[in-house]
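*Asks:* give me coordinates for this.
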Amino acid sequence: MSSRPYLELMRVHKPAGGLLFFWPMVWGLAMAAYANKTPFPLLITLLVKTVFGAFILRSSACTINDIFDRDFDRAVERTKTRPIASGAVSVPAASIFLILQYVVGAWFFSTYNNLVFWISMIEMIPMLSIYPLVKRISYWPQAWLALSVNIGFAQSWFQIDDTYPNYSRAITLMVIATSFWTVMYDTVYGCQDRKDDIKIGIWSTALLFGNHVKTAAALCDIAFVVFLYLAGKANGHGLPFYVICVGGSVIQFIYQLLILDIDSTQSCWENFKNNAFYLGPLIFSGILVDYARVL
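*Replies:* All right, here's what the predicted structure looks like:
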């Protein structure tokens, strides 16, 4: 049996989506480390563990998504070659593989404290599993995905400090900020399939916003920057955070909007990658610089 279809099922060949799970989690770690002056060796250990944590969350989400969406995927040009849709992996085999992913995930997250374990399990199984169904009944699957992915920010924070009331404002503001970010990039991503989605009856914010996708994306960008700024204030961050994270985000978003063509599949995909490969590490680096300043 070839492993390649299962690697494709987990989207190993498309790391951008995995990074968009990963960045909110490591932002949470870095901001918590800043607030608690966490020793650098411990932060590095937690960062390494988060690589696998983000991978198992995203890969299991892709598996359950492809099981539910297999009939839709066959009707969409971009997704018709996915392993389940193409027949390379059967539904029973994918289901067994999904259970294995859940077991590995449960084992891995059990190495953390109880709060982190339960948040991770709720994110992995009910929340990310429901996402493929939301697009059948609502124009807002991106909002559900946003909450499902960005609860990872709180999960990671609690790896360092699980006393929520101490930092509830900063955590809440960042979950809101990152949720606007997810709605933005996934709406633009969804523009790739709008014609096919109309034919097969899939709903999304890409369809809801219609010709106003760029305006909606710009509003989400503004909301992200505002809530990022407020979260920085709530967490007591210094100048590096505002210059690199907040200022850098403004520059990156302006660039994204200037080059975005929502009628171009390639442009929408490039926007998705820009957020994964440029904005994510930009903000992470800004938090780390500020963290290094207070050590």
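*Asks:* wait, isn't Ser148 in contact with Pro126?
*Replies:* No: between Ser148 and Pro126 there is no contact under CB atoms under 8 Å: 9.1 Å. (Glycine included, C-beta is placed from N, CA and C.)
*Asks:* who's more crowded, the two?
*Replies:* Comparing Ser148 with Pro126 by other CB atoms under 10 Å, the one with more neighbours is Ser148, at 24 against 10.
*Asks:* for the more buried one, list the residues it contacts.
*Replies:* Residues in contact with Ser148 (CB atoms under 8 Å, 6 or more residues apart in numbering) are 61, 123, 127-128, 130-131.
*Asks:* rerun that using 10 Å as the cut-off
*Replies:* 21, 57, 61, 122-124, 126-131, 134, 179, 182 (CB atoms under 10 Å, 6 or more residues apart in numbering).
*Asks:* for the nearest residue to it once chain neighbours are set aside, grab the count of nearby residues.
*Replies:* Counting by CB to CB, 6 or more residues apart in numbering, the nearest residue to Ser148 once its immediate chain neighbours are dropped is Met127, at 4.0 Å. Using other CB under 10 Å, Met127 has 19 other residues around it.
*Asks:* then the one 3 residues further on?
*Replies:* Number of residues near Ile130 (other CB under 10 Å) recorded here: 15.
*Asks:* tell me the secondary structure of it, please.
*Replies:* Of the three states, Ile130 takes helix according to DSSP: H, G, I helix; E, B strand; the rest coil.
*Asks:* same question for Thr111.
*Replies:* coil.
*Asks:* so it makes contact with Thr50?
*Replies:* No: if you go by CB atoms under 10 Å, Thr111 and Thr50 don't touch, sitting 12.0 Å apart.
*Asks:* neighbour-wise, which of those two wins?
*Replies:* Taking other CB under 10 Å, Thr111 and Thr50 do not tie; Thr50 has more neighbours (20 against 10).
*Asks:* next, the contact list for that one, please.
*Replies:* The neighbours of Thr50, taking CB under 10 Å, 6+ apart as the test, are 21-22, 25-26, 28-29, 152, 155-156, 159.
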